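[1] Would you be able to build a 3D model of this:
(chains A, B and C)
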Amino acid sequence: MTGGTWKHAPGFYAGDRPQVVTSRFQYEDSYTLERYLATDGYKGLRSALARPANEIHDEVRSATVLGRGGAGFPAGTKWGLMPQEVWPRYLVVNGDESEPGTYKDRLLMERDPHQLIEGCLIASYAAGLSQCFLYIRGEMALAQERIAAALNEAYAAGYIGKNILGSKFSLDIVLHWGAGAYVVGEETALIESLEGNRGMPRLKPPYFPAANGLYGQPTIVNNVETLANLPWLLNNGTAAYTAIGTATSPGTRMVAVSGHVNRPGVFEIINGITTFRDLLYGDEFCQGIRNGNGLKAFVPGGGSAPWFTSDQLDLPFEASQVGPAGSMLGSGAVMVMDSTTDIPHAALTLTRFYAHESCGKCTPCREGGTWLERILSRVVDGKGTDADLDQIFEVGESICPGAFPHASNEKLGIAAVPFPYRMNTICFVGPSAYVPVHSALTLFRSEFDARIVKRTMIKVTAVA
Amino acid sequence: MARLTEENIRLAREIIGRYPKARSATIPLLHLAQEQDGYVTNEAMSHIGELVGASSAEVFGTASFYEMFKFEPVGKYLINICGTMSCALMGSEELMHQAEERLGIKMGSTTPDGKFTLEHAECQAACTEAPCLQVNYRYRYRVTPDELDALIDDLAAGNLSSEIPAHGTVAVVRQHIPADRAVGAIAPELVTENPAWLDGKAAL
Amino acid sequence: MTTIDTTETNDVPPKDPNAVSITINGRTVEARKGDLIIAAADSVDEYIPRFCYHPRMSSVGMCRQCMVEVEGPRGPMMVVSCMTPVAEGQIVRTDTPQVKRAQEGMIELLLANHPLDCPVCDKGGECPLQDQAFSHGAGESRFVEEKRHYEKPIPISDLVFLDRERCILCDRCTRFADEVAGDPLISFTQRGNNTQIMTFPDEPFASYFSGNTVQICPVGALTASPYRFKARPWDLEQRESTCTTCSVGCRTVVQSSRDELLRYQGVDSDPVNWGWLCDKGRFNFQSTNSEDRLSTPQIKSGDSFVTSSWSDALESVARVIRHSREGSVAILGGARGTNEDAFVWGALADAAGITMRDAQLDDGLPASVFSHPQATIDSACAGGTVILLAPDIKEELPVLYLRLRDAVQKKRIRLIEISSHETGLTKYAWKSIRAESGTAAAAMPALLAQADIAAQLASGPVVIVAGRPNLAESASHTMDAVDAVLAVAPSASVLPVLRRGNVRGALSLGLGPRNGNDAAAILNASAKGNVDCLILLGADPLSDIADVDLARRGIAGAKFVVAIDTFLTASASHADVVLPAAAYGEKDGTTMNLEGRVTSVVQKITPHGTSRADWIIAVELMTLLGHESNFTTLSDIQDAMSAAVPGFGSTTTTVAIKRDGIVVSVTPPSSTSASTSVAAPRNSYEFRLDLSRKLFDRAIGTITSPSLANLATEANVFIHPLDLDRVGTAEGTNVRVSNSHSSIVLPVRALSSIPRGTAWVPFNQIGADVRELVRRNESITDVRIESM
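    I've put the predicted structure just below:
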């Protein structure tokens, strides 16, 4: 299927690569229990239930299943951060995918809901979690329907509920859905929202979910894709899992490439090895920039990630290399801008997004994000001044003090400032409003200069 | 208009029963209210407050945080056109202009006949399929201006009513936890024992 | 005034395991485990700017103004000092360029959308945003965009206005409403840059504590109608005092300008009010300024009063006392005054042989409630079990309600409430048990023997909060119930919650009943013609005694009535001589709260007209009656008090300078209450009457405060919805409420918090007076309710 996509999984291209989480996408009925059971479904759960819980936890830890939500923290380690002997513990599944450029969790939920459910069951069994909440983004009607149907099937068939498959393991999985707020993708905001409140992030510390999460209890918040890895891991073992990718980034990851490429799409790529050049130009991926244009810039890891240019094309999908280069892998979302792109305007579409999605809790984000959007918007409209451009950095300094990460650029003669940034905000939404405009201004200052009204120096000459 | 109907109260109680704390059901119940009336009425918010043990002000505080909840009537079809980067790069602004022209209204408003509401939406997680839009949260991918016109024609003619329910209904399939399989939600402060399957062993 | 040395020992204390030593800007600061950096800095006057942080509420870390640098393993880290606890050896800097830049940045961002209307803003001059913009801001804003606009200001309650443009979204008011008051009627709404504070449509911020949000608002977003545009902060003069509206004794500052009271603000007294006030105590300063105040002595001439000189009026009173039969002079009241007022009136009574005296108006408990081991507010809230045998604390002693609620919310105590209907504390009670009026004492042994309750009582200290839950029920029922608890939990202590401002002081210092001659006995004697001179010392029996028939007969029966009051009350209008009294804020002295805590009250303005402090009137009467007094100044009185009253010690001369005062142990003379209660079976009538107070009623101090006057409600009779059906009438219609004594007509309302068979009528509201049905010699009051 290198050549095309399926109508039932729009945008997805399988290629000839290992498929850890997308193996059933080829079937039109991949979301049914019948198809799931016919393709090794719930086998991982059965094998897990035959072993002690701590052994399963160990396996997830030793396989280094990285979190796929953005921060890339290993799931097994995260589970281990819960305090001993505090009950109950909860699992909250973050299915609130809404980072600009990101399109993968929705596919996993729509196409293979049972795989996610099985992942939830394995995680809950391994980490002693007594209830699971699947928090699905409110606007994803089809994902909600597919998961609801799959949960109903799985309950009826005895995969969820009391004494699962005759074991002592019991678990309720509750489908919960949001109502449109990007910030709820932040794990503490997700918990607030799940408690019925405004989705405003809590401060860490003291609100580290692993210790003090849902209802103040130890809580694991895992991304959809992270959990979807678990059935395959249990079926195939740690050795098979770590054989894919690199030691620090084992397995695969889902990446969506959008924007000005010939074949935008979602790919399950090999972690740590595949490079951005492969992705943008490779035949089995995006097949080059549209219309044979040049590459101006790309966002490597979702809208919150500082931008790269062709200088960074040879970096692999490996956090330990992308971070020092000034950006992050984030949520597996690459957005490509070709040479025709109006850079200030492109930056505005992202800054506006984050300003709009600010929860309003902390001052720098609530006031600073909107301020940045308004300055940028004026600049895009050709009404900005050079003082406005300076002010962008000043507002940025109030949001994120000190050196702000950006990529190196040979032509401009600038060196990279490594990721991450320091922040005066509670969460990353405020800094994310600054990221695009900072990257754009740093890498493409001339495009801004061309747009602004220069303050004219009036030379006053004494009249004789 | 409009507290929850008897049928919806029954559903609401079922939903509340799934959570260790009733307040967690606030957002699902707000969706239920919006499904019932097409938007969230003040009466419904007060009623939800009674059901989950919150003040009306708290329910409104929660509801107004979230984009999907509307506090006055919107069109039968809510058309959300994405304006974030990937869609913007692929021409979504043109699509918005086209929609405004075709319907004779600005983004953020409703046609006089109450059929259509246009909104500038933020990223809808279909970035590779840009530009995209949603009609009552049902996707349309790689939409051209001509396709947009055809879509509006179809919606106006009622050709898509089986696929796209009126605004308020999001998912048409609901979760139902069978009583004989349910473990049941317990308030965390009432849980005293560690999970049975750990056989008394500490989880790592 | 002299200061007292609080150092009690010179011994070196052992090393505290909770002590934490940190460094702030190079200074060593001793803090305690769990303290926040910002609090540790406050303790040594290293000021860190802040908006959202408030020491009496949970930290949210929202405004980001209080960022400081803390030395970390990877170099200095910026942290919010309101959410970061101290740690041993922690190195904090609040003065680096990085901190300064962050703080300036935050001020600039907060000011971005804040209107520059300081010249017309009530907060200007005492505004934390304005002050900190000067002290920690960069001096000018670079924000050139259009600011946010909202309709301004909008009333969110009868007392509070909201200006959303000025709001900086610090979450103080909303946190207060939710966390402290338990009235989450205001909330953040919308999101991001459009976030705003709002009430729900048609549900105003009707909280008894709303004024606190105005006080803690760090900008001029919330303003209170009684103070709006009245003064500029720099024109205000203030003195610290104690509120005497009820007996909690909240600390306040009394502020005035040009000899007019303009505002009270809460002061944080750790053992008492934590800075909070109720709206009644906060806004009833308007009463002191009322034009209806009595300003000159009045002597009855025919049916009307004639203005008199003080000397004529006092002489006429002295003459009556001189010519009264032995034992026929009575003093009712005194709870409204200071300790000094009560002491001098007590001295006068002693000198003149006046044995009929009572500071209570048959609406409290016999003074024997003070003979049990006494609890304090702090000890009640510290841990264990609190048993409520009391009126609705939220309605009568609002700030005590805040303290008890807090102790429950923080899981320090468990409440067991025994009451005839639900109260403001019911939803916080571990057990809330309904006992029909008159039945609590009898039910107590079985109730306390229930396994879980017995285990709870045995698990720690027990405090009985004892007060008068129902004015249509004899006080002996409560006393018996208290005894029944003490029989099971003999080591329990008692927190008496008698509500009048200085009732405990007055009872303790000379105005408690002698030989069982309490207010009811005095009025009975008067009704029989045995009182030649009835002195109403700030007492209005016609409005306050539940048996209004007795009050009427008592006042009519007195040969001569003297009223010493601030207003011409219902009772005062029947007086033969009326003497204008100085009000709260017009005299210095001390007061005693419900725990026995003595604190200062202060004079801030000159007394209205020619009015005088109660004690001055007593001194003058003593002189006219030929008794030696030696009281020319307050300290004379305080010295005499210390010498004469066992247990009072040397406190009075020193408390004036202490914010938290001193708890004294004075046991008032115990007046044995003759009657013992019998759990009377309900008679043939259908409903047992429950007559209890709400915070706002037609009390004189409330109706003479314009902003509070309309908060009293129409009188209604509340019954259970099913009883409404039984009576066969509809919500809101008039019903006849009657018994053998009388019959009145009231609108009926259904309330599911009222048990079946109980009829609740709030005391002293607007409309027909249910007191017509109450008789003091009946230990409970049963009534019939019929549709008309």
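[2] how about the residues of chain A that lie near chain C?
    Contact residues, chain A versus chain C (C-beta under 8 Å from any C-beta of the partner chain): A:181, A:198, A:203, A:205-206, A:355-364, A:366-371, A:374-375, A:391, A:394-395, A:397-398, A:401-402, A:422, A:424-426. (Glycine included, C-beta is placed from N, CA and C.)
[3] Just the buried ones among those, please.
    A:181, A:198, A:203, A:355-364, A:366-371, A:374-375, A:391, A:395, A:397-398, A:401, A:424-426 (16 or more other C-beta atoms under 10 Å in any protein chain shown).
[4] tell me, which of those make contact with chain B?
    Among these, chain B is touched by A:181, A:198, A:356-357, A:359 when using C-beta under 8 Å from any C-beta.
[5] between the residues you listed, which is nearest C:Gly732?
    Relative to C:Gly732, the closest of those is A:Arg198; by C-beta to C-beta it sits at 37.3 Å.
[6] Make sure the closest one is actually in contact with B:Ala63.
    No. Under the criterion of C-beta atoms under 8 Å, A:Arg198 makes no contact with B:Ala63, lying 9.3 Å away.
[7] which intervals of chain B have sub-threshold pLDDT?
    B:1, B:200-204 (pLDDT under 70).
[8] which stretches of it form helices?
    For chain B, the helices defined by DSSP state H cover B:6-16, B:26-37, B:42-52, B:56-63, B:85-89, B:92-103, B:145-157.
[9] Return the list of helices and strands in contact with the shortest one.
    With contacts defined as 3 or more C-beta pairs under 8 Å, 6 or more residues apart in numbering or on different chains; DSSP states H and E, the packing partners of helix B:85-89 are strand A:252-259, strand A:333-338, helix A:343-357.
[10] Tell me the helix or strand right after the last one.
    So the one you mean is helix A:343-357. helix A:363 (DSSP states H and E).
[11] Which elements pack onto that next one?
    Checked by 3+ C-beta pairs under 8 Å, 6+ apart, helix A:363 has helix C:97-112 packed alongside it.
[12] elements contacting the helix it packs on?
    Using 3+ C-beta pairs under 8 Å, 6+ apart: helix C:97-112 touches helix A:363, helix A:386-399, strand C:67-72, strand C:75-80, helix C:128-136.
[13] which of the ones you listed sits most buried?
    Ranked by mean neighbour count, the helices and strands packed on helix C:97-112 are led by helix A:363 with a mean of 30 (mean count of other C-beta atoms under 10 Å in any protein chain shown).
[14] Other residues contacting that helix?
    C:62-65, C:106, C:109-110, C:168 (C-beta atoms under 8 Å, 6 or more residues apart in numbering or on different chains).
[15] Return the list of helices and strands in contact with the helix or strand just after that helix.
    Once the chain leaves helix A:363, the next helix or strand it forms, by DSSP H and E, is helix A:369-380. Under the contact definition 3+ C-beta pairs under 8 Å, 6+ apart, helix A:369-380 sits against helix A:343-357, helix A:386-399, helix A:429-443.
[16] and whichever residue of the stretch 551-700 of chain C sits closest to chain B, how many neighbours does it have?
    Nearest residue of the stretch 551-700 of chain C to chain B: C:Leu695, at 19.5 Å (C-beta to the nearest C-beta). If you count neighbours by other C-beta atoms under 10 Å in any protein chain shown, C:Leu695 ends up with 24.
[17] Report the contact partners of C:Phe209.
    Contacts of C:Phe209 by C-beta under 8 Å, 6+ apart are C:176-177, C:180-181, C:183, C:276-279, C:398, C:402.
[18] ditto for C:Gly266
    Per C-beta under 8 Å, 6+ apart, neighbours of C:Gly266: C:212, C:215, C:250-252, C:273, C:275-277, C:282.
[19] So which of the residues you listed belong to strands?
    When the contacts of C:Gly266 are checked against strands (DSSP state E), the matches are C:251-252.
[20] restrict the contacts of C:Gly266 to those near chain A?
    Within those, nothing lies near chain A by C-beta under 8 Å from any C-beta.
[21] How about residues contacting stretch C:720-738?
    Counting by C-beta under 8 Å, 6+ apart, C:686-687, C:717, C:719, C:743-752, C:754-759, C:761, C:770, C:773, C:783-788 sit against stretch C:720-738.
[22] what do you get if the cut-off is 7 Å, keeping everything else the same?
    By C-beta atoms under 7 Å, 6 or more residues apart in numbering or on different chains, the list of residues contacting stretch C:720-738 from outside reads C:717, C:743-750, C:752, C:754-756, C:770, C:773, C:783-788.
[23] ok, and of these, which contact chain B?
    Near chain B, judged by C-beta under 7 Å from any C-beta of the partner chain, there are no entries from these.
[24] What subset of those residues is buried?
    C:717, C:744, C:746-750, C:754-755, C:770, C:773, C:783-785.
[25] which regions of the stretch 51-200 of chain C sit below the pLDDT cut-off?
    If you take pLDDT under 70 as the line, the stretch 51-200 of chain C has no such spans.
[26] Chain A contacts on that one?
    Residues of the stretch 51-200 of chain C found near chain A (C-beta under 7 Å from any C-beta) are C:61-64, C:67, C:78, C:83, C:98, C:101-102, C:105-106, C:108-110, C:112-113, C:142-143, C:145, C:169, C:188, C:191-193, C:195.
[27] mind running it again at 8 Å?
    C:60-65, C:67, C:78, C:80, C:83-84, C:98, C:101-102, C:105-106, C:108-110, C:112-113, C:142-143, C:145, C:168-169, C:188, C:190-195.
[28] Buried among those? Need that as a selection in ChimeraX.
    This is the ChimeraX syntax for the buried subset of these, where burial follows 16+ other C-beta under 10 Å:
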select /C:60,61,62,63,64,65,67,78,80,83,84,98,101,102,105,106,108,109,110,112,113,143,168,169,188,191,192,193,195
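[29] what's the residue closest to the geometric middle of the chain?
    No chain specified, so I'll use chain A. A:Ser331 (2.2 Å; C-alpha atoms, centre = their mean).
[30] that's the wrong chain, I meant chain C
    C:Cys246 (3.8 Å).
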